[in-house]
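> Pasting the sequence and the predicted model now:
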Amino acid sequence: MIWITGLSGAGKSAVASAFVERLRADGHAPVYLDGDELRSALDAAPDFGMAQRRQLACTYARLCRLLSEQGHVVVCATISLQHRVHDWNRRHLPCYVEVLLDVPLEELHRRDPKAIYRAADGHIVGVDLAAEFPLAPHLRIPNHGTTSPDRAATRIHEFCQARGVL
């Protein structure tokens, strides 16, 4: 189970997609869960406060456990920057690998693909809401500058292979 996290605009979806393609090329049939798509599929309320975010992150984690326990390689790309969720994942998700995509806030403001940082609606994790970055991620990837989604996916793939997760 690979949990890819980072702030909005850090490249979680792009890296996860590249990683999933690499897994498929290896003959795996991964289940890819994207936070934006999950929120839509679960018909989550549009409240983006911390309580709602925590509840959604816990739902994502339980869904990952359900799928992992059935033998699936699960890749989840989500902000979910809360220590309580990371701790639960480490205790309950088989073969858990936590990946933090680390991007400076200035770069996120520059990228801003969803105009989230320009919105200034008071619900931006890392700006308005506290971001609890993983204390000990298995991988911390600076996902900016010369790091492409494919290069980041390669690092995750190599780490998972070396660890026997794949």
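In hand now; what should we look at?
> In the protein, what helix or strand scores lowest on average pLDDT?
Among the helices and strands of the chain, helix 116-119 carries the lowest confidence by mean pLDDT, DSSP states H and E, at a mean of 72.
> buried residues in the longest helix along the chain?
Of all the segments assigned as helix in the chain under DSSP state H, the longest by residue count is helix 50-69. Across helix 50-69, burial judged by 16 or more other C-beta atoms under 10 Å covers 53, 56, 57, 58, 60, 61, 63, 64, 65, 67, 68. Every C-beta, even on glycine, is put in place using the N, C-alpha and C of the backbone.
> okay, among the residues you listed, which ones form the most distant pair?
53 and 68 (22.1 Å; C-beta to C-beta).
> Would you map the strands across the chain?
Per DSSP state E, the chain carries strands over the ranges 2-5, 31-34, 74-77, 97-102, 139-142.
> what are the pairing partners of the first one, and which direction each?
In the sheet containing strand 2-5, the strands it pairs with under DSSP bridges are strand 74-77 (parallel), strand 97-102 (parallel).
> Now do it: everything it contacts.
Applying C-beta atoms under 8 Å, 6 or more residues apart in numbering, the contact partners of strand 2-5 are 12, 15-16, 19, 64, 73-81, 86, 89, 93, 96-101, 134, 137, 156, 160, 165.
> Centre of the chain to that strand, how far?
4 Å (C-alpha atoms, centre = their mean, to the nearest Å).
> can I get the CA coordinates of it in CSV?
Extracted C-alpha coordinates of strand 2-5, given in CSV (Å, rounded to 0.1, in the frame of the first residue of the first chain):
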residue,chain,number,x,y,z
ILE,A,2,1.6,3.2,-1.2
TRP,A,3,0.3,6.5,0.3
ILE,A,4,1.5,9.5,-1.7
THR,A,5,0.9,12.8,0.2
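> pLDDT (mean, whole number) over it?
Average pLDDT, strand 2-5: 98.
> And that strand, what's buried?
For strand 2-5, burial by neighbour count (16+ other C-beta under 10 Å) applies to 2, 3, 4, 5.
> Among those, pick out the one closest to residue 143, please.
Of all the buried residues of strand 2-5, residue 4 has the smallest distance to residue 143: 9.9 Å, by C-beta to C-beta.
> Quick check: bridge partners of that closest one?
Beta-bridge partners of residue 4, counted by DSSP bridges, are residue 77, residue 99.
> coming back round to it: take the strands of the chain and write them to TSV, including distance to residue 41.
Below are these laid out as TSV (distance: least, C-beta to C-beta, whole Å):
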stretch	distance to residue 41
strand 2-5	18
strand 31-34	9
strand 74-77	13
strand 97-102	22
strand 139-142	27
